[in-house]
Structures are given as structure tokens and as C-alpha cells.
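Student: Need coordinates for the below:
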Amino acid sequence: MDFFTVPTLTIGVLYCFFVIAHDRRRILHCNVTKHPTSAWVVQQLREAFPYDSAPGYLIFGRGTQFNEEVIDTVKCFGIRPKRTSFRSPWQNCVAERWVGNCRRDLLDHVIALNERHLKRLMNEYVRYYHDDRTHLALAKETPAGRKAVTNSGIGGRIMAMPRRGGLHHRYDVAA
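Tutor: The predicted model follows:
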């Protein structure tokens, strides 16, 4: 779990909170706020891990919003909290990689207007990330499990389907 900042059109700053599963690179929870507090983070964790679905470990940074209240809540869920070392982003490399992808794929091309707009953009991006974006670490599959389509030499046409308003595309072999 981690935060990253997003500038808005009105020169404000929004904070995007996310929880990512390391096994399949799935985004378990994503939300946006203007003012991240520990109470808000605790509520997001409750939403991220409903019905005893909590993982064994939770890696998080050294942000001030991850204080003792958050750590106690994480422990109540039966999760072992693991805080990264000071100035060591490589210790949570899966989360850092997702932030970089999100910035390159979406936030470098779109300016968020407000909190509601960024929340909608992030929900659409998470859907694209799960269903359409392949990963080398997952053997060219998506986090949702869609396998890469290969053209078996029969000369089939490749069909491009626009995603994210045409910003990205999904390619499949036409029938």
C-alpha cells in the first residue's frame, strides 16, 4: 500500500491511495482524497480487506499517515506490517512500478480537474490495467488472467480496440 500525489488544474494536490497484491499485480483498492489522515487510511484498509480476506504481510512506506493507529489496525486484521526503510523505494518495487506505469500511461496525458474526476480516471485506469495491460513478469498475461493472443501463422488480421478513450489499445486476432 502506498500514496502518490497528483497535481490538479487548480494548482491543488490530490493524494491517491492504493493497495496492490504482489502475486498477480492486482490493484485491490484505490481511492483519492485531498487530506489523507490515519483515520481515512484505516477506513480504506477496511474496504480493501473485507470478510477476512487480508494477506499475511503488508508493505508500506514511511508517510506520516501510516502512524501507530494504522499499524494497530493492520495487526488487528492479522496482517504483519512491514515498513520500508528510509529513502528505500526499491523495497516496495511492485508499488513503485505501478505508480510509474500509472503516471506514464495516464497522468502524463490528462490533467485532473478535481477529486471526483481523478477518482473516475483512476477507476477506469485500474480496469484497463487489470483487463488489458500485459506484464512480462506474468508471462505476458494481464493481472486478471487474460493470456496474450498469438497469431499462429495463419495470416489473421490484427484488430485494435481502443481503451481509455483511444489513449491505449488492446490488440486481438480477428476471427
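
Student: Where do the strands of the protein begin and end?
Tutor: Secondary structure of the chain by DSSP state E: the strands cover 2-7, 13-20, 27-33, 57-60, 80-83, 158-163, 168-173.

Student: So which elements touch the fourth one?
Tutor: Taking 3 or more CB pairs under 8 Å, 6 or more residues apart in numbering; DSSP states H and E as the contact definition, the neighbouring helices and strands of strand 57-60 are strand 80-83. Quick note: C-beta positions are derived from backbone N, CA and C, even for glycine.

Student: now the strand it packs on: mean pLDDT?
Tutor: The predicted model assigns strand 80-83 a mean pLDDT of 93.

Student: now swap in stretch 162-175 and tell me
Tutor: pLDDT averaged over stretch 162-175 gives 74.

Student: and what of stretch 8-21?
Tutor: 95.

Student: and it, how far from the chain's centre?
Tutor: Here stretch 8-21 shows a centroid-to-chain-centroid distance of 11 Å under the convention CA atoms, centre = their mean, to the nearest Å.

Student: Can you list the buried residues in it?
Tutor: For stretch 8-21, burial by neighbour count (16 or more other CB atoms under 10 Å) applies to 8, 14-20.

Student: Identify the bridge partners of residue 112.
Tutor: residue 8 (DSSP bridges).

Student: Please name the residues that touch residue 63.
Tutor: Residue 63 is in contact with 2-3, 36, counting by CB atoms under 8 Å, 6 or more residues apart in numbering.

Student: Check residue 81 too.
Tutor: Here residue 81 is in contact with 57-58, 60, 71, 74-75 (CB under 8 Å, 6+ apart).

Student: Who is the nearest residue to residue 119 once chain neighbours are set aside paired with across the strands?
Tutor: Spatial nearest neighbour of residue 119, chain neighbours left out: residue 32 (4.6 Å); criterion: CB to CB, 6 or more residues apart in numbering. Assessed by DSSP bridges, residue 32 has beta-bridge partners residue 16.

Student: Wait, residue 32 touches residue 16, no?
Tutor: Yes: assessed by CB atoms under 8 Å, residue 32 is found in contact with residue 16 at 5.3 Å.

Student: Identify the contacts common to the two.
Tutor: 6, 118, 122.
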